[in-house]
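Undergrad: Take a look and give me a structure for this.
(2 chains)
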2 protein chains.
Amino acid sequence: MSTYDDLMAFQRETEALSQVAGRLSWDQETMMPHAAAPQRGEEIAAMEKVLHARRTDPRVADWLAETKTCGEVEDAQLRHIRRSFDRASKVPAKLASEIARVASEAQGKWAQAREVDDFKAFAPVLKEIVSLKREEGSALSAGGDVYDAMLSDYEAGATAAELTAMFNTLRPRLVALRAAVLAGPTPAVLSGKFDEVAQMKLSRQIAKTFGYDMTKGRLDKAVHPFSSGSGLDVRITTRTSEVDPFNCLYSTIHEVGHAAYEQGINSDYLLTPLGHGVSMGVHESQSRIYENQIGRGRAFTSWLYGQMRDAFGDFGIPDEDAFYATVNRVENGYIRTEADEVQYNLHVLLRFDLERAIIARDIEVYDLEAAWNERFEADFGFAVDKASNGVLQDVHWSVGLFGYFPTYSLGNVYAGCLNEAMRSMVPNVDAALERGDTSLVTRWLRENVQQHGGLYTPRDVIEKACGFVPSEAPLLNYLEDKFRGIYGL
Amino acid sequence: MSTYDDLMAFQRETEALSQVAGRLSWDQETMMPHAAAPQRGEEIAAMEKVLHARRTDPRVADWLAETKTCGEVEDAQLRHIRRSFDRASKVPAKLASEIARVASEAQGKWAQAREVDDFKAFAPVLKEIVSLKREEGSALSAGGDVYDAMLSDYEAGATAAELTAMFNTLRPRLVALRAAVLAGPTPAVLSGKFDEVAQMKLSRQIAKTFGYDMTKGRLDKAVHPFSSGSGLDVRITTRTSEVDPFNCLYSTIHEVGHAAYEQGINSDYLLTPLGHGVSMGVHESQSRIYENQIGRGRAFTSWLYGQMRDAFGDFGIPDEDAFYATVNRVENGYIRTEADEVQYNLHVLLRFDLERAIIARDIEVYDLEAAWNERFEADFGFAVDKASNGVLQDVHWSVGLFGYFPTYSLGNVYAGCLNEAMRSMVPNVDAALERGDTSLVTRWLRENVQQHGGLYTPRDVIEKACGFVPSEAPLLNYLEDKFRGIYGL
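TA: Residues are numbered from 1 along each chain as shown, chains lettered A, B, ... in the order given. Just a heads-up that it's a prediction; the model follows:
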């Protein structure tokens, strides 16, 4: 065997173990009996220790040093392995375990503080987390920008400067669109009760409609919807609420987007570093284009309207046009995860600007709540009423996820690009979607994005798929067209 | 930290990883999408490699050599760690992986051969397995008895000589009891259809009745019922058949017995070598006493009759006496796993005698089918009609499980001992069981057997619980009394 083969054989086992660790988390959210939590904590810690030892194994450095390759795929594999090894090696084990320890504590304190709307109770431990993550960021950046080093964990190659340029164009036009939309009359809201078993049944049907392969996955309920796993075992979850079937159905479509990406990767990359979605941003582009540009589009909702009438009978929405408007209803709200297409990115941009300021020490952790509330009122036009509707609403910062939020909006930007490109290249998309046939869309995404896994850099895979340099313009044009249409602006 | 603490910290992680590997198998039988199998194979192999490396880690030998302890619990922990280390170290890695490889191949060939009732198609690979297992047994026995070394993997300290002495008393009296019972009229068989959802619901209720803690476990369906996991996460499975609710309900009770053992272990032993059932035989004693001496007893079946009438309405059995007889119906059959209490051990003893002969080279693998058929007719009085009803019915030998079968009967013998002791020590058991109250029984088993986990040797834990030297006599007396009563002999 060549050195490359040795390295890849070692890596393959690491990937397999990493899938096991991921499935343990899936089990925790879906199947685990609740009193098993303390034991599960030890199981996960033991798995993480095994994985960390493999990621920093000195043999990996030797193999990397000795391996000569010529080939696009091999070079890409090595690029990922080198990045992972460098990342794991740069962070002292003591710091890594300290971050894990404090994050676990902070998550508990965050949940408690959110319960009583008391940011001050959370601020001290958040300060600790920020300090530790800055230390980690410094180790990773090796003299470069600390925030960019954090961002790089989720979106390799992206920089805050580049994202800021995009988002600075996005923000004012979204603020303006939001204000215009909310000035007029709002579409009907869904009312009544919707059988939860029927919601899950329709979810399963929709998942299959979008090409999710149930022989290599499964759909269960969980408190928070997620997609988990790579390769031949990619599982998704959704949730149900009797009064809000859209939550269930669109969570399913969103997670199917993530899962379709993992399921669509070239099978040659199974259990290798190329065998995953390449970044959080590209991942989110897949979930968002399925959920929004396709799932909330006029053509698909006309099919969905019929399906929902079949499943639930007459639910008080008179026709497809009214249903389309209801699906895309824009209304005031505090919560990011409940936001519509128009407002979602405003929530994210707020977090992006604040977390950069925190990491750069431009604002103090203790001033974060005031800064949040000020910015929220500026963009949304009304005041935050309590911390659980404001600075305490998301878990991310409590567990040290800095640099993660912007990938949500980057994903939306990429989804806008992909949608524009796909519609210019594939004829008759809407005619097919009206029949509930998503295969033209999913085939195009599979061929142009999903199959490549980690072969290209995140930005490159989008650019190659679209044939143009990705920018915020297609998303903005799409949103303005769509919502001006619905709201008759 | 002392050397002992270091060793136990290392061991605790190994135990946690071993729980993860176990849960992966649970997932495979209950939740895994079927096309994920190839990836799952790699995941399990990677976990096994990690576990093997830990079990043979040279630091364990150093710690064991350096540790001085004084204390019953510490000594027992060290005894288990030493045994596991010695066992793993004695078998060359190449032989271990060769056994795993051939066993995997053999299992497939066994399934194919069983399909077409062709033992000759299976014999060559079985010969390979036998040869490899003999080699492993020689390495483990270090000059001692090879079969005893195999047995020791499942029942530490047991010897074939000791078991043979027990079973040689058991066999003729069981053959005689069987013949007497089958000479008379047989009780009614259950007929009709029984809703499978209601079966599962009643299963859940029965599991709780027997003290199974659902906050630290769960009940699902699987092709073959099993119990999986230790400590705070012990899961069980059962199966349903519309025409045979006893299969579901008694599989549940059997697995609850295994699970109650794991759940009942002293919580101080969590994720340590003492935190598991001590042997297959003692484990089977718990599943069998729950299933048979309690679950198929006159008192408990009178409660169960009422529960089944509530769940399924009138199912054609007129009263409790008739129901008790139907539950304990004895009839001719080829298959071990479907056998009643009278005949079950005859199936096991046949396998025990044949596998000892194979390992000792007293019979050739190619002559196994003829030997099986001859012995079967001698004990059961009629001929085997096809290999799938005979020598090909069990998976065990195909995957190299030699020395495993006798622990089934040893478990029944132990269950007989425990039942006799428990009834002599605990008053009013049957009055409680008639009300569906199993707490007197489960409390006695928990206090006298389950809580100890691996603290004592298998034989010692039974002897301490009973207050007498275990023998086959209590089981035989119980069976003869019970079935003479039912069949009016």
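Undergrad: buried ones in stretch A:222-232?
TA: A:222, A:225-232 (16 or more other CB atoms under 10 Å in any protein chain shown). Where C-beta positions appear, they are placed from N, C-alpha and C, glycine not excepted.
Undergrad: hmm, it in reach of chain B?
TA: Yes. Using CB under 8 Å from any CB of the partner chain, we find that stretch A:222-232 touches chain B at A:231-232.
Undergrad: From the buried residues of stretch A:222-232, pick the one nearest chain B.
TA: Of all the buried residues of stretch A:222-232, chain B sits closest to A:L232, with 4.1 Å by CB to the nearest CB.
Undergrad: from memory that closest one sits against B:A35, does it?
TA: Yes. With contacts counted by CB atoms under 8 Å, A:L232 reaches B:A35, the gap being 6.0 Å.
Undergrad: Please enumerate the shared neighbours of these two.
TA: A:K216 (CB atoms under 8 Å, 6 or more residues apart in numbering or on different chains).
Undergrad: Next one: the residue nearest to the spatial centre of chain A from A:L274, what distance?
TA: With distances taken as CA atoms, centre = their mean, the residue of chain A nearest its centroid is A:E284 (4.4 Å). Relative to A:L274, A:E284 is positioned 19 Å away (CB to CB, to the nearest Å).
Undergrad: do A:I335 as well
TA: 36 Å.
Undergrad: Have a look at these two and say which one is more surrounded.
TA: Set A:I335 next to A:L274 and count neighbours by other CB atoms under 10 Å in any protein chain shown: A:L274 wins out with 22 against 12.
Undergrad: Now do the same contact list for the more buried one.
TA: By CB under 8 Å, 6+ apart, the neighbours of A:L274 are A:73, A:76-77, A:80, A:265-266, A:453-455.
Undergrad: let's see 10 Å
TA: Residues near A:L274 by CB atoms under 10 Å, 6 or more residues apart in numbering or on different chains: A:73-74, A:76-77, A:79-80, A:265-266, A:268, A:452-456.
Undergrad: Just the ones in helices from these, please.
TA: Cross-referencing the contacts of A:L274 against helices under DSSP state H gives A:73-74, A:76-77, A:79-80.
Undergrad: how many other residues sit next to whatever residue of the stretch 51-200 of chain A ends up closest to chain B?
TA: In the stretch 51-200 of chain A, the residue that lies nearest chain B is A:R54 (9.1 Å; CB to the nearest CB). For A:R54, the count of nearby residues is 21 (other CB under 10 Å).
Undergrad: which of the ones in helices among the contacts of A:L274 count as buried?
TA: Applying 16+ other CB under 10 Å to these flags A:76-77, A:79-80 as buried.
Undergrad: Provide a list of residues in contact with the residue nearest to A:Y250 when sequence neighbours are not counted.
TA: Take A:Y250 and drop its neighbours on the chain: the residue closest to it by CB to CB, 6 or more residues apart in numbering or on different chains is A:E291, 5.7 Å away. Contacts for A:E291 (CB under 10 Å, 6+ apart) come out as A:249-258, A:284, A:341, A:415.
Undergrad: Make JSON lines out of these and add secondary structure and pLDDT.
TA: Below are the contacts of A:E291 laid out as JSON lines (DSSP: H, G, I helix; E, B strand; the rest coil; pLDDT from 0 to 100):
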{"residue": "A:L249", "secondary structure": "helix", "pLDDT": "98"}
{"residue": "A:Y250", "secondary structure": "helix", "pLDDT": "98"}
{"residue": "A:S251", "secondary structure": "helix", "pLDDT": "97"}
{"residue": "A:T252", "secondary structure": "helix", "pLDDT": "98"}
{"residue": "A:I253", "secondary structure": "helix", "pLDDT": "98"}
{"residue": "A:H254", "secondary structure": "helix", "pLDDT": "98"}
{"residue": "A:E255", "secondary structure": "helix", "pLDDT": "98"}
{"residue": "A:V256", "secondary structure": "helix", "pLDDT": "98"}
{"residue": "A:G257", "secondary structure": "helix", "pLDDT": "98"}
{"residue": "A:H258", "secondary structure": "helix", "pLDDT": "98"}
{"residue": "A:E284", "secondary structure": "helix", "pLDDT": "98"}
{"residue": "A:E341", "secondary structure": "helix", "pLDDT": "97"}
{"residue": "A:A415", "secondary structure": "helix", "pLDDT": "98"}
